[in-house]
Structures are given as C-alpha cells and as structure tokens.
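# Fold the following, please.
(one chain, ligands or ions: 2)
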Amino acid sequence: MACKRGALIVLEGVDKAGKTTQCKKLVQLLQQSGRPAEMMRFPERTTTIGQLVGAYLENKSDLEDHTVHLLFSANRWELVPLMKKKLEQGTTLVVDRYAFSGVAFTSAKPGFSLDWCMKPDVGLPKPDLVIFLKLSPAEAALRGQFGEERYETSVFQQAVQQKFEELFKDPSVNWQVIDASQSVQAVHENITILSQKIINTAQDLPLGELWK
Ligand code: 2DT
Ligand code: MG
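Ligands and ions are numbered 1, 2, ... in the order given. Sure, this is the predicted structure:
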C-alpha cells in the first residue's frame, strides 16, 4: 500500500497574531515526535513572482491592484507541484498564510468582491485544517507598532479582519478559531491538539480542491 499522505495545515490571522512563531513551533514539535513536517509561507518571496510581490509589499514598486492579486495567486500555484509531492510523500505541510489572506487582503480594498478575489485560487490543494489566530485590534496594538510594509496600518487590518470573518461562514473549509491573546505556549498546545487529530484523519482521505 502506498504511504499515507501528509496533512495540509494553514495558519491564518491578522498581523501580530503569532502565525510565524506558531508555525515554527508546530513543525518543531511534529519533527521531534517523528512525523515528517515542513513549513511553507505565502507569499514565498524567493521565486521570480515572489520577488515582484515582495518589492510591492516593501513599497519598492507599485502594482495595479488586480495585477498584484493575481501575482499572489500565481505564487501559490507555482508551488503546487512541490506541495503535492511533499504531501504524497507523507510530509505534513504547515503553511503561514494561504489563499484566505489573498482574498481577505484584496477584498479589503474598495471595488473588490469576495467572489472575484476567490476565483484565481479555486482548485488549489485544499487545507485539511485552517487555524485562525484571532486577536482584537486593541490587543494587536499592545504587541507594538506595525511595521513599514504595505497594509500594515490598523485601519486596513480591521477591514481585513472583517473579510476573514466573512470567509469563516464557508462550511466547505475546516476553520478552527483560536484565541491568540493567550500565552505562546497555550496557543501552541491548542494548535498541537487540532493538528495531531487532523494528521490522523487526513492520512486516509484524498486531498481536496479548494472552493470547488
Ligand atoms: P508576511 O510576509 O509578513 O506574512 O506579510 N498578502 C498575503 C496578500 O495581500 N495576499 C496574499 O495572497 C498573501 C498570501 C498579507 C505578507 C503580506 O502580504 C499580504 C501580508
Ligand atoms: Mg508574519
């Protein structure tokens, strides 16, 4: 029998919710417990497309809003063959942002519907679990200043948060919301329990297609 597939686990949330920290801690824990696991992130800024996106986020270039949305999506699609290969080999992927950030950030701009924003990502590998680290704008502010990149303002982040909440209504996605105002360790323990469960169930199920 072919080896069991890995799980696709995505962490989403507003800025300062602790996504990157938690992705690293989860991968470390899984590896220590003998499960193959790797971290990925979107945007993946090292590819040719990712460099265009990175320059945009760093305000080193300006791109038209539809254009940059499609580049973010293209940056996911270009990594799909690698993702599928890893999952098939039994490696669990822990991903820092995915199509949900794509939709929430662009649809927070004027003139973009949720529906239009979702289209380019239809058919991507569907996460077995999407963990949303929930943090109120007030709590996020307590964690320090926003950075220098595009989108890093409290007004825009609040609009993004509202768009994420619209995405939670989609029952085709396995959303799990965790209170990110807890300690790093408490959040990690919550994430670990959810992840271990999904790794066990996903291994016997085919990988799905997002929003299809
Ligand atoms: P970080 O590298 O700090 O996570 O910030 N974004 C991300 C989009 O607008 N669309 C997308 O598809 C994705 C994945 C969120 C990256 C910034 O890019 C935004 C914050
Ligand atoms: Mg981050």
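# For the helix or strand where residue 83 lies, report the contacting residues that lie outside it.
Following DSSP states H and E, one finds residue 83 within helix 80-88. Applying Cβ atoms under 8 Å, 6 or more residues apart in numbering, the contact partners of helix 80-88 are 5, 6, 7, 8, 38, 40, 93, 124, 125, 207. Yep, even glycine has a C-beta here, placed from its N, CA and C like the rest.
# mind running it again at 7 Å?
5, 6, 8, 38, 93, 124, 125, 207 (Cβ atoms under 7 Å, 6 or more residues apart in numbering).
# can you tell me how far residue 19 sits from residue 97?
The gap separating residue 19 from residue 97 is 7 Å, by Cβ to Cβ, to the nearest Å.
# Tell me which two in the contacts of helix 80-88 are the farthest apart.
Across these, the longest distance by Cβ to Cβ is 17.6 Å; it joins 38 and 124.
# Which secondary structure element of the protein has the lowest mean pLDDT?
The helix or strand of the chain with the poorest confidence is helix 137-142; it has a mean of 84 (mean pLDDT, DSSP states H and E).
# first vs last residue of stretch 201-212, how far apart are they?
With Cα to Cα, to the nearest Å as the measure, stretch 201-212 spans 21 Å from end to end.
# Buried by neighbour count: which residues of stretch 145-161 qualify?
For stretch 145-161, a neighbour-count test (16 or more other Cβ atoms under 10 Å) marks 146, 151, 156, 157, 159, 160, 161 as buried.
# Can you tell me the closest non-neighbouring residue to the third one?
Just to be clear, that refers to residue 156. residue 108 (6.3 Å; Cβ to Cβ, 6 or more residues apart in numbering).
# now do the last one
Once its chain neighbours are removed from consideration, residue 161 has its nearest residue in residue 14; the separation is 5.4 Å (Cβ to Cβ, 6+ apart).
# Which elements pack onto the lengthiest helix in the chain?
Counting by DSSP state H, the longest helix found in the chain is helix 184-202. Here helix 184-202 touches helix 19-32, strand 129-134, strand 175-179, going by 3 or more Cβ pairs under 7 Å, 6 or more residues apart in numbering; DSSP states H and E.
# Same list, the buried residues of stretch 145-161, but only the ones touching ligand 1.
residue 151 (Cβ under 6 Å from any ligand atom).
# rewinding a little: could you list every residue that touches the residue nearest to residue 156?
With Cβ under 7 Å, 6+ apart, residue 108 has these contacts: 156, 159, 160, 163.
# roughly how far out does the strand or helix carrying the first one sit from the chain middle?
So the one you mean is residue 156. For residue 156, the host element (DSSP H and E) is helix 154-168. Remark: helix 154-168 is offset 14 Å from the chain centroid, using Cα atoms, centre = their mean, to the nearest Å.
# again, but for stretch 83-91
18 Å.
# now it: mean pLDDT?
In this model, stretch 83-91 carries a mean pLDDT of 98.
# Buried ones in it, by neighbour count?
83, 86, 87, 90, 91.
# helix, strand or coil for the fourth one?
The one in question is residue 90. coil (DSSP: H, G, I helix; E, B strand; the rest coil).
# any idea how far the residue lying closest to residue 207 once chain neighbours are set aside is from ligand 1?
Leaving aside its chain neighbours, residue 207 sits nearest to residue 125 (5.6 Å; criterion: Cβ to Cβ, 6+ apart). Going from residue 125 to ligand 1 by Cβ to the nearest ligand atom, to the nearest Å gives 15 Å.
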